[in-house]
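return a 3D structure for these sequence lines:
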Amino acid sequence: MKTVGLLNIPNWFKPAMYGNFDQASDSSYTGKLIGLCQLPASLSWEEIKAKGVTHLYNRPGANVSEIYETFKYYNPVTSAQAAYNAGKGIVQNGQFNAQSIFTEELSEDGTLDFNNYWNLAPHWYKGMTDQMGNGGVKNRIYGSYTGGQHDVSIQQFHTDFGGTINPLFYAFRDGLDDQSNARKLYNLNNGELNTFPFFNNVDGIVMSDIIGLLTNTYSGWLSGDNAAAFCYSKFYEIQKKFAAGIRNTIIFTWTGSESANAHIESPQAGSGWRVMRDDVQNGAYWRAIAHHNNNPMIALWNAVLGVFLTDGIVYWDSRRESFVKTPQNLEAPGYFPQYWVSSSAPEPARQNPPKMSSFPWWQQDYSIIANQWFAHCKTVLDAGGEYRYFGYTSSVNGVVNVNTDKTNDTRLFTESAKPYGQNTVLHLANGKKGICFGAYIGNSFFAVYFNPWLPANQSETISVNVNGVSRNIGTIKGKTVAVYRS
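Got it, this is the predicted structure:
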């Protein structure tokens, strides 16, 4: 992989029904968390960790310090004391420790009633952190992935249930002005701004004081302006979490992915993927019906956001298996049906175990790539460079400046930096222009550039303004995340 200039997507990357990061070079530890659940059968766990992976979805016999979990308790908890005891108990009995990554779906499994979640969850997490001894310090507990329990803003900058996109709507525009505004969530039902319950004091417990909160980027299939707005709204979500005083977050998403190279037939309709069997008959295939998934543009953005701006990225899936790459080993139909399509050849027998996945999961490969990119850039941060927006000149959009209507501070919100009023992402979203951020120290810098509004068959040449000096970082295709290292 290149270490200077535009960092490339490596040759081993291959959108397909399987991941291909077993072909990646080993990577030094960057300090970022990468949790995967579908792994290549060709590698041992130690070999997988050498690629930059830190955690695997909880499996029997796994080292508790190297697991992550979207936890289900399956036992209704209805009182504060019972919630405290349950949270404490899963640490006390060795299911989790301070090195584990913890997320949960306790409302979905019936443990904590959804309507009573914010009264009981603080006690659950107080029990966990008391037992771990890490409440009040940055830890690896990231709360719930259930809708309504993790976002402090409305995704895609929607201002109504009709899908109106308005990034400069007052609830978004003022959301980064101060900590109080950052802690408020706009209610699409009644138009009110209310403090998100994560910040409430419940019996002396404030959840934001003792745990982090995940950023859920599972989008399903989105296209056009909705996909672009989704990408910027998740950047904004991270910024708003830090502005609100949440110490840490992590990108939480699904392993599934859309891919033109995986023979998608109609992604919007979810009609599935073709697993070709030309070895049986030319043009024969299994058609695997599939769920809607993240598209490739969003998948790469998720990984870059996670590794560059948060603690890392974890991929959810209910399956915790290792897979091979050969279509002869396609797994038997499970949750999704499959159909054999051929002009005359009978359906061949499946050669498993081992199994090949019945839907694409190469999306996880992007986390390995993003981590490798970050490894080349983090020395700028280690030397004292701070994340900030960069203004730039585009061959398509001309001069694009950092917005300074409310502050001259061009830094991004992070755990330590609080440039209240800095809301450039909203103006870029409103103007449908690319976003550029990075850091510099002396003459050394890196820049991340992404324009989800520009069609994929178009390109633009970008010169970045780094501390008053124009630096040409190259020609970049639309809908492609580019990372440049000087």
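
which stretches of the stretch 351-486 of the chain have low pLDDT?
For the stretch 351-486 of the chain, not a single residue meets the criterion pLDDT under 70.

tell me where it has strands.
For the stretch 351-486 of the chain, applying DSSP state E, counting those that start in this stretch gives strands covering 388-389, 392-394, 398-400, 435-441, 444-450, 459-466, 469-477, 482-485.

send over the longest one as PDB, restricted to the C-alpha atoms.
Put plainly, it is strand 469-477. C-alpha atoms of strand 469-477 as PDB (Å, rounded to 0.1, in the frame of the first residue of the first chain):
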ATOM      1  CA  VAL A 469      -1.000  26.600   1.700                       C
ATOM      2  CA  SER A 470      -2.800  25.100  -1.300                       C
ATOM      3  CA  ARG A 471      -1.900  21.400  -1.600                       C
ATOM      4  CA  ASN A 472      -3.100  19.400  -4.600                       C
ATOM      5  CA  ILE A 473      -4.200  16.000  -3.500                       C
ATOM      6  CA  GLY A 474      -5.200  14.600  -6.900                       C
ATOM      7  CA  THR A 475      -8.300  13.700  -8.900                       C
ATOM      8  CA  ILE A 476     -11.000  11.800  -7.000                       C
ATOM      9  CA  LYS A 477     -14.000  10.000  -8.300                       C
END
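
how many degrees apart are it and strand 444-450 in direction?
40 degrees (axes from the mean of the first three to the mean of the last three C-alpha atoms, to 10 degrees).

check the gap between S223 and Q351 for me.
37 Å (C-beta to C-beta, to the nearest Å). For every residue, glycine as well, the C-beta is placed using N, CA and C.

circling back to that earlier point, which one of the strands of the stretch 351-486 of the chain lies nearest to A171?
strand 435-441 (20.5 Å; C-beta to C-beta).

residues contacting that closest one, please?
With contacts defined as C-beta atoms under 8 Å, 6 or more residues apart in numbering, strand 435-441 is touched by 232, 235, 377, 380-381, 383-392, 400, 412, 424-425, 428, 445-451, 462, 464, 466-467, 484.

helices of the stretch 101-250 of the chain, start to end?
117-132, 170-173, 179-182, 207-210, 224-243 (DSSP state H, counting those that start in this stretch).

what comes up buried for the longest one?
Yep, that's helix 224-243 we're talking about. 227-243 (16 or more other C-beta atoms under 10 Å).

quick one on the thing from earlier: figure out which of the helices of the stretch 101-250 of the chain is closest to S42.
helix 224-243 (32.6 Å).

name the residues of stretch 373-391 that are buried.
373-378, 380-381, 385-391.

and the contacts of it?
So stretch 373-391 is contacted by 1, 3, 7, 27-28, 30-32, 304, 307-309, 399-402, 410-412, 414, 417, 422, 424, 435-441, 444-447, 464-466, 483, 485 (C-beta under 8 Å, 6+ apart).

picking up where we left off before, to V53, which of the strands of the stretch 351-486 of the chain lies closest?
Nearest of the strands of the stretch 351-486 of the chain (C-beta to C-beta): strand 482-485, 20.0 Å.

what pairs with the most centrally placed residue in the chain across the strands?
Centrality entry for the chain: nearest residue to the mean C-alpha point is I251, 3.4 Å, by C-alpha atoms, centre = their mean. Beta bridges link I251 to T215, I313 when assigned by DSSP bridges.

which residue lies farthest from the center of the chain?
S344 (43.6 Å).

that one reaches G283, doesn't it?
No. Applying C-beta atoms under 8 Å as the test, S344 and G283 come out as separate, 10.8 Å apart.

need the overlap of contacts for the two.
With C-beta under 8 Å, 6+ apart, S344 and G283 have no common neighbours.

the strands in the stretch 1-150 of the chain, which residues?
Counting by DSSP E, counting those that start in this stretch, the strands of the stretch 1-150 of the chain are 5-6, 33-36, 39-40, 55-57, 67-71, 101-104, 141-144.

next, the buried residues of the last one.
Along strand 141-144, these residues count as buried under the neighbour rule (16+ other C-beta under 10 Å): 141-144.

of these, which is the nearest to D278?
Y142 (44.0 Å).

contacts only, for the closest residue in space to that closest one that isn't next to it in sequence.
Spatial nearest neighbour of Y142, chain neighbours left out: L214 (4.0 Å); criterion: C-beta to C-beta, 6 or more residues apart in numbering. Contacts of L214 were listed using C-beta under 8 Å, 6+ apart, and they are 103, 142-145, 150, 249-252.

farthest-separated two in those?
Pairwise over those, using C-beta to C-beta, the maximum falls at S144 and I251, 15.1 Å.

what's the burial count for G94?
G94 has 8 neighbouring residues, counting by other C-beta atoms under 10 Å.

so how far is Y84 from the nearest residue to it once chain neighbours are set aside?
Nearest non-adjacent residue to G94, counting by C-beta to C-beta, 6+ apart: V64, 6.2 Å away. Separation of V64 from Y84 (C-beta to C-beta): 21 Å.

quick check on the two: which one has the bigger neighbour count.
Comparing V64 with Y84 by other C-beta under 10 Å, the one with more neighbours is Y84, at 23 against 14.

list the contacts for the residue farthest from the centre of the chain?
By C-beta under 8 Å, 6+ apart, S344 lies in contact with Q281.

separation between it and W286?
With C-beta to C-beta as the criterion, S344 and W286 are 16 Å apart.

reformat the contacts of L214 as CSV; add pLDDT.
Converted to CSV, the contacts of L214 look like this (pLDDT from 0 to 100):
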residue, pLDDT
T103, 97
Y142, 97
G143, 97
S144, 97
Y145, 93
H150, 97
T249, 98
I250, 98
I251, 98
F252, 96
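
now render those residues as CSV, adding distance to P197.
Output for the contacts of L214, formatted as CSV (distance: C-beta to C-beta, whole Å):
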residue, distance to P197
T103, 17
Y142, 16
G143, 11
S144, 11
Y145, 16
H150, 11
T249, 17
I250, 20
I251, 22
F252, 19
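
looking at the residues you listed, which is nearest N329?
Of the contacts of L214, the one sitting nearest to N329 (C-beta to C-beta) turns out to be F252, at 29.5 Å.

which residues does the closest residue in space to T407 that isn't next to it in sequence contact?
Excluding the flanking residues, the one nearest T407 by C-beta to C-beta, 6+ apart is G421, at 3.8 Å. G421 is in contact with 176-177, 405-407, 409, counting by C-beta under 8 Å, 6+ apart.

which of those tops the neighbour count?
That'd be L176 among the contacts of G421, by other C-beta under 10 Å, with 28 neighbours.

fine by me, we can end here.
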